[in-house]
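A.B. asks: this is a predicted model, with the sequence first.
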Amino acid sequence: MPEKPSKLMPALYGGIIIGIISGVPFLSLINCLCCAGVIFGGVMAVFFYKKDLTPEMPPLTNNDALVLGALAGLFGALFGNILAAIFIFTIGNVAGEATYKILMDMYDSMGILDQMPPDALEQMEQGIMEGELSPVSIVTSFVINPLFGLIGGLIGYAMFKPKAAATPPATPPAQV
């Protein structure tokens with residue numbers, strides 16, 4: 001029986017999907033929906049792996065899906081942080097600026113902007129502007145992405161697992 005294919009390339013493809021969704025400004029908002037982009041990358045890693053399996057190979061297992069999802073999450077954290085850094089250093093933190101402007105407009109319309117201490121506004125602006133590449137957010141992405149990638153891998157396993165052969169229903173014993 002031939003061995004299973006390598007999990008590296010399918011996990012890399014899933015990680016690239018996660019990285020693009022996580023690193024592109026405004027597209028990263030997809031992850032506000034329970035890390036949907038990371039989960040999708042985990043599902044896609046299982047999908048790409050399943051395409052490499054042949055009927056002679058051992059079937060896809062839930063352990064394969066867990067490993068694929070976690071690896072895709074790790075690759076996604078790496079690519080997402082690199083992509084976010086590229087965007088921030090080339091075009092600036094446009095998503096942070098837009099978020100800060102929306103918050104300030106909301107506070108102004110509620111009439112509480114004038115009541116806020118200037119130090120609080122300054123800290124909020126600083127946190128939003130450096131939030132994308134702070135050391136805490138980078139480390140957090142290397143923890144959160146593999147966990148949600150794992151969930152995506154399990155969802156992918158449920159979607160793409162081998163179908164069990166249908167067994168005919170048992171017939172009741174004859175009445176005598």
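C.D. replies: Received it, and whenever you're ready, just let me know what you need.
A.B. asks: list the contacts of stretch 146-166.
C.D. replies: For stretch 146-166, contacts defined as C-beta atoms under 8 Å, 6 or more residues apart in numbering pick out 14, 18, 34-35, 38-47, 50, 59-62, 64-74, 76-77. Where you see a C-beta, it was placed from the backbone N, CA and C, and this is true even at glycine.
A.B. asks: would you mark the buried spots in it?
C.D. replies: Burial within stretch 146-166, assessed by neighbour count using 16 or more other C-beta atoms under 10 Å, is assigned to 146, 148-157, 160-161.
A.B. asks: residue closest to the middle of the chain?
C.D. replies: Closest to where the C-alpha atoms of the chain average out (C-alpha atoms, centre = their mean) is residue 38, at 0.9 Å.
A.B. asks: report pLDDT for residue 39.
C.D. replies: Residue 39 carries a pLDDT score of 98 in this model.
A.B. asks: using a markdown table, lay out the buried residues of stretch 146-166 together with secondary structure.
C.D. replies: Compiled in a markdown table, those are given as follows (DSSP: H, G, I helix; E, B strand; the rest coil):
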| residue | secondary structure |
| --- | --- |
| 146 | helix |
| 148 | helix |
| 149 | helix |
| 150 | helix |
| 151 | helix |
| 152 | helix |
| 153 | helix |
| 154 | helix |
| 155 | helix |
| 156 | helix |
| 157 | helix |
| 160 | helix |
| 161 | coil |
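A.B. asks: circling back: restricted to helices, list the contacts of stretch 146-166.
C.D. replies: Mapping the contacts of stretch 146-166 onto helices (DSSP state H) picks out 14, 18, 38-47, 50, 62, 64-74, 76-77.
A.B. asks: does the residue nearest to the centre of the chain really touch residue 17, like I thought?
C.D. replies: No: Residue 38 is beyond contact range of residue 17, at 9.2 Å (criterion: C-beta atoms under 8 Å).
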